[in-house]
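In: give me the fold of what follows.
(chains A, B and C)
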Amino acid sequence: MAMVAMTSSEEEMTITKGPWTEEEDSLLYNYITLHGQGHWNSVASYTGLKRTGKSCRLRWLNYLRPNVRRGNISLQEQLLILHLHSRWGNRWSKIAEHLPGRTDNEIKNYWRTRVVKQAKQLKCDVNSKQFRDTLRFVWIPRMVERIQAQASSSSSSSSSWEGEPQTNAHSCGSSTLHVNPPSVSDSYNLPGAATAEQVNNNSNSNSNSSTLLTETDYSYTDIVAADFWTHENISFLQQQLADEL
DNA sequence: AATCCCAACAACCGCCGTCAC
DNA sequence: TGTGACGGCGGTTGTTGGGAT
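Out: Have a look, this model is predicted:
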């Protein structure tokens, strides 16, 4: 924790930076419990906290607020993040609205540490068509499969991923493969989360953006022809999906 | 055991929109 | 209408813990 002296001539108050202590958390929590959210700049003067209003707000929203979910992001949540990001881009707060208990900060961190990392390892830009296609045609269908497998039965652990033809460079290159990814609403049932239909209704401002999960028939022909689909990249994706997703 | 590296997460910073005056 | 305060958002950076060497 660092103390930063303000240059204000009126008050020689110092601003605390860095990680919050339990005592600070307690002060903030008790204040908001009594007075409610808002008026963040007055929190410091009421509580004696040497934090900025912004810092108090962030601490409350990302940590102290009730019902904040912490821990691993489930497959369903990952799928929803991928889907919503395809619609809205880096509008983390909007995406977070559809993941109850998750904060925009957490979703943003997830995207940067997982998804952007994958893009870097594949040596392509996270916003490139190639990478979007990767998400669209490989990651999401695979995640849907796994979610369905989880939901249907724990005993039926048959995964069609291993040796699946569409991820094999040799078979991909010579034939057209079609997959029919289920809709979002078919593939998961996240309590409190928006269905695909709700998402569509809420995203009328982005009607021309890509709609990952509403297409009914995907062809791999064009994709496998792209230079991006090197044997190394396909193998890498295969491994990543098998190991992590 | 020491150190290095990296992933994950927490927190800060700067910009922008809104609203009251 | 201009302006300043405030809150929200997204980008970025700092910290930390765990695994690898």
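
In: going forward, measure contacts and count neighbours with C-alpha atoms only.
Out: Fine.

In: tell me which residues in the host helix or strand of A:Ala149 are buried?
Out: Taking DSSP states H and E as the definition, one finds A:Ala149 inside helix A:140-152. Across helix A:140-152, burial judged by 16 or more other CA atoms under 10 Å covers A:140-147, A:149.

In: what parts of chain A come near DNA strand B?
Out: Proximity of chain A to DNA strand B is confined to A:16-20, A:51, A:54-55, A:58-59, A:62-63, A:71-72, A:105-106, A:109-110, A:113-114 under the rule CA under 7 Å from any atom of the strand.

In: re earlier: CSV please, covering the buried residues of helix A:140-152 and showing pLDDT.
Out: Below are these laid out as CSV (pLDDT from 0 to 100):
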residue, pLDDT
A:Ile140, 82
A:Pro141, 83
A:Arg142, 82
A:Met143, 81
A:Val144, 81
A:Glu145, 82
A:Arg146, 80
A:Ile147, 78
A:Ala149, 80
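
In: related to what we said a few turns ago, now, the residues of chain A next to DNA strand B that are in helices?
Out: The subset of the residues of chain A next to DNA strand B located in helices under the criterion DSSP state H comprises A:54-55, A:58-59, A:105-106, A:109-110.

In: of those, buried ones?
Out: Using 16+ other CA under 10 Å, the buried ones in those are A:55, A:59, A:106, A:110.

In: how close does the first one sit to A:Tyr63?
Out: The span separating A:Ser55 from A:Tyr63 equals 12 Å under the rule CA to CA, to the nearest Å.

In: so which residues on chain A come close to DNA strand C?
Out: Counting by CA under 7 Å from any atom of the strand, the residues of chain A lying close to DNA strand C are A:18, A:38-42, A:53-54, A:57, A:90-94, A:104-105, A:108-109.

In: just the buried ones from these, in PyMOL syntax?
Out: PyMOL command restricting those to the buried ones, with burial defined by 16+ other CA under 10 Å:
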select buried, chain A and resi 40+53+57+92+104+108
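
In: show me what the helix or strand where A:Ser86 lies packs onto, helices and strands only.
Out: Secondary structure assignment for A:Ser86, by DSSP H and E: helix A:75-88. In terms of contacts (3 or more CA pairs under 8 Å, 6 or more residues apart in numbering; DSSP states H and E), helix A:75-88 is packed against helix A:92-96, helix A:140-152.

In: I'd like the ones you listed written out as a markdown table, with distance to A:Ser86 added.
Out: Below are the helices and strands packed on helix A:75-88 laid out as a markdown table (distance: least, CA to CA, whole Å):
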| stretch | distance to A:Ser86 |
| --- | --- |
| helix A:92-96 | 10 |
| helix A:140-152 | 11 |
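
In: walk me through the domains of chain A.
Out: Domains of chain A are assigned by automatic domain parsing as A:2-64, A:75-244.

In: comparing the ones you listed, which yields the minimum mean pLDDT?
Out: Per-stretch mean pLDDT for these is lowest at domain A:75-244 (a mean of 58).

In: could you pull out the strands for chain A?
Out: With DSSP state E as the definition, chain A shows strands at residue ranges A:2-5, A:14-17, A:178-179, A:218-219.

In: got the phi/psi numbers for A:Gly38?
Out: phi 100, psi 170 (degrees, to the nearest 10).

In: again with the one 10 residues further on
Out: Its backbone dihedrals place A:Gly48 at phi 90, psi 0, with angles given as degrees, to the nearest 10.

In: any idea how far it lies from A:Lys123?
Out: According to CA to CA, A:Gly48 stands 49 Å off from A:Lys123.

In: now do A:Gly71
Out: Separation of A:Gly71 from A:Lys123 (CA to CA) stands at 29 Å.

In: got it, and A:Glu77?
Out: For A:Glu77, the distance to A:Lys123 equals 26 Å [CA to CA].
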